[in-house]
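> The following block contains a protein sequence and its predicted model.
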Amino acid sequence: MTMSSQRSHYLDRPSSSGLVDVIDLILDKGLVIDIYVRVSLVGIELLTIDARIVVASVDTYLRFAEAVNRLDLARSGTETKGLPGMMEEIREGGGRQKAKGVLEGVKEKVTDALQSDPDEEQEEEPEERPRRRERPASRRENER
Amino acid sequence: MTAPAQRACYVYGIMREPRDAAPCAAAVAELPAVADPNARVEFVSYRGLAAVVSDVPTDRALGTPGDLQAHARVLDALAALREPVLPFRFGTVVRDAAAASGELLASGYDGFVTALDRLEGLTQFTLRARYVESEVLREVLDEQPQIQRLRSEVGGLPESAGYYERIELGRMISDAITAKRSVDSAEIEHHLAPFTVAMTTAQPAAADGVVDASFLVGEERRQAFERAADDLAARWQGRVRMRLLGPLAPYDFVSEAMSDIKEGGG
């Protein structure tokens, strides 16, 4: 982080990964050693976390509809992209955290589900109902 | 259950036995171990390889947020030393340290050595791109007059009425965003691929997701890669939020690095 650091305010570079990031990063990834038959694995029960949300649901649609209805169209569209509109865009770009609508709402739901109390993160078990992990292959579906 | 005394050996991953052990030891010295904050992360070696392990209790299930983060932090701290690391799947536990070296490292030895060679000088970076909701919705409205029209109609209806219209409106928006997602995701790949050795992409579960993309980046291209990512983030500022994680252990590439290697005493 030497030369590029002046520029990287556009890019979020967290110094350590948060919980949601970690779950996406490591769950179902990495080498599985039950292929090494000579290794005696010790079976410890694993809690599993299902971080998936259904993206295309009625609920999502309604949230989108609500968000688009709340949207202030004054500066959008083809009509008003004059100087005032552009100024506003620049300002908005500066304060990126302002929009808090459906999309972030959905994201928060995951975060909440995963860390209902961040202070007890070390001890607390995830909200999802613990169950035994079966074959570790098929749980995550990455195809649309 | 064969483990005596309710303890066993958690395995994070495998690396080469470092010529100088001090930096590796230092990198993990302060990090909490999986499942036991008092346990120390240690290295057990076998013929030039080292398994990264710690002592775990066997009487409680693994997988709390703290466990998951501990696993990743240890591996990422080692990856940050620019030493290739083979991350194991979360929850890999063997009987004891002797089993980690004598059984695990011994039985997979050639494969591990080959995979570590293949990953020499390479680290993973993971990019998470997420839409800024208001901006992507504006784009959708600008680009699709029929959505704009439906929006005005629905907007005039009272909350109780127009349920199905609202669903239809939302569905059209969702479809429009899906279409944008594939365009923008392709642009990310196109923009960053020149600096990477390998790449995998996945569609994020979150509705605002553009793409989760992991890249295997060579040391000599790393700065250029980071610059390219930053350029893209600058270009899309206010429209797409981009988070770049890394350097990380090669979670998304280790299986590939191990592929075509005959293994497992079969």
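Cool, got the structure. No experiment lies behind these values; they were computed from the predicted model shown.
> From now on I want contacts and neighbour counts done on CA atoms only, so please keep to that.
Noted.
> Quick one: low-confidence residue ranges for the chain.
All of this refers to chain A. Applying pLDDT under 70 to chain A flags the ranges A:1-8, A:34-40, A:48-56, A:73-144.
> Sorry, I should have been clearer: chain B.
Residues of chain B that meet the criterion pLDDT under 70 lie in B:1-5, B:262-266.
> Now do the strands in it.
Along chain B, the stretches classed as strands by DSSP state E are B:7-16, B:42-46, B:49-57, B:85-87, B:93-94, B:122-131, B:198-202, B:209-218, B:240-248.
> Mind putting those into CSV with mean neighbour count?
Putting those into CSV (neighbours: other C-alpha atoms under 10 Å in any protein chain shown) gives the following:
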stretch, mean neighbour count
strand B:7-16, 24
strand B:42-46, 20
strand B:49-57, 24
strand B:85-87, 31
strand B:93-94, 26
strand B:122-131, 25
strand B:198-202, 16
strand B:209-218, 24
strand B:240-248, 23
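> Format these as TSV; extra columns: distance to chain A.
Formatted as TSV, the strands of chain B follow (distance: least, C-alpha to the nearest C-alpha, whole Å):
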stretch	distance to chain A
strand B:7-16	7
strand B:42-46	15
strand B:49-57	9
strand B:85-87	5
strand B:93-94	5
strand B:122-131	8
strand B:198-202	6
strand B:209-218	9
strand B:240-248	4
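> Now distance to B:Tyr163 too, for those, in TSV please.
Converted to TSV, the strands of chain B look like this (distance: least, C-alpha to C-alpha, whole Å):
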stretch	distance to B:Tyr163
strand B:7-16	51
strand B:42-46	59
strand B:49-57	53
strand B:85-87	49
strand B:93-94	52
strand B:122-131	26
strand B:198-202	33
strand B:209-218	26
strand B:240-248	30
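> So for B:Val183, which of those sits nearest?
strand B:209-218 (9.4 Å; C-alpha to C-alpha).
> helices or strands next to that closest one in the packing?
When contacts are defined as 3 or more C-alpha pairs under 8 Å, 6 or more residues apart in numbering or on different chains; DSSP states H and E, strand B:209-218 packs onto strand B:122-131, helix B:163-192, strand B:198-202.
> how about 6 Å then?
When contacts are defined as 3 or more C-alpha pairs under 6 Å, 6 or more residues apart in numbering or on different chains; DSSP states H and E, strand B:209-218 sits against strand B:122-131, strand B:198-202.
> hang on, the earlier thing: wait, which of the strands of chain B is closest to B:His71?
B:His71 lies closest to strand B:7-16 among the strands of chain B, at 6.4 Å (C-alpha to C-alpha).
> Compare the helices and strands packed on strand B:209-218 and report which one is nearest to B:Gln223.
B:Gln223 lies closest to strand B:122-131 among those, at 11.9 Å (C-alpha to C-alpha).
> Provide the strand pairings for the closest one, with the direction of each partner.
strand B:209-218 (antiparallel), strand B:240-248 (antiparallel) (DSSP bridges).
> Reformat these as JSON lines; add distance to B:Thr200.
What follows is the strands paired with strand B:122-131, written out as JSON lines (distance: least, C-alpha to C-alpha, whole Å):
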{"stretch": "strand B:209-218", "distance to B:Thr200": "5"}
{"stretch": "strand B:240-248", "distance to B:Thr200": "14"}
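> Between these, which one is closest to B:Thr58.
Across the strands paired with strand B:122-131, closest to B:Thr58 is strand B:240-248 (C-alpha to C-alpha), at 27.9 Å.
> Any idea how many residues pack against B:Val132?
When neighbours are counted by other C-alpha atoms under 10 Å in any protein chain shown, B:Val132 registers 24.
> do you know how far it is from chain A?
Using C-alpha to the nearest C-alpha, to the nearest Å, one obtains 7 Å as the distance from B:Val132 to chain A.
> Report the contact partners of that residue.
Counting by C-alpha atoms under 6 Å, 6 or more residues apart in numbering or on different chains, B:Val132 makes contact with B:239-240.
> and what of B:Cys9?
Residues in contact with B:Cys9 (C-alpha under 6 Å, 6+ apart) are B:54-56, B:93-96.
> Output the set of residues of the stretch 1-150 of chain B in proximity to chain A.
By the rule C-alpha under 6 Å from any C-alpha of the partner chain, the part of the stretch 1-150 of chain B lying against chain A is B:61-64, B:66, B:87-89, B:93-95, B:103-104, B:142.
> Let me have those residues in CSV, adding distance to B:Ala234 as columns.
Below are those laid out as CSV (distance: C-alpha to C-alpha, whole Å):
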residue, distance to B:Ala234
B:Ala61, 44
B:Leu62, 40
B:Gly63, 37
B:Thr64, 36
B:Gly66, 34
B:Pro87, 32
B:Phe88, 35
B:Arg89, 35
B:Val93, 44
B:Val94, 47
B:Arg95, 50
B:Glu103, 50
B:Leu104, 46
B:Asp142, 22
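> Just among those residues, which is most surrounded?
Among the residues of the stretch 1-150 of chain B next to chain A, B:Pro87 has the most neighbours (other C-alpha under 10 Å), with 31 neighbours.
> May I ask which two of the residues of the stretch 1-150 of chain B next to chain A are separated the most?
The largest separation in the residues of the stretch 1-150 of chain B next to chain A, counting by C-alpha to C-alpha, is between B:Glu103 and B:Asp142 at 62.0 Å.
> What is the neighbour count of whatever residue of the stretch 151-266 of chain B ends up closest to chain A?
Relative to chain A, the nearest point of the stretch 151-266 of chain B is B:Gly170 (3.8 Å; C-alpha to the nearest C-alpha). By the criterion of other C-alpha under 10 Å, B:Gly170 has 28 neighbours.
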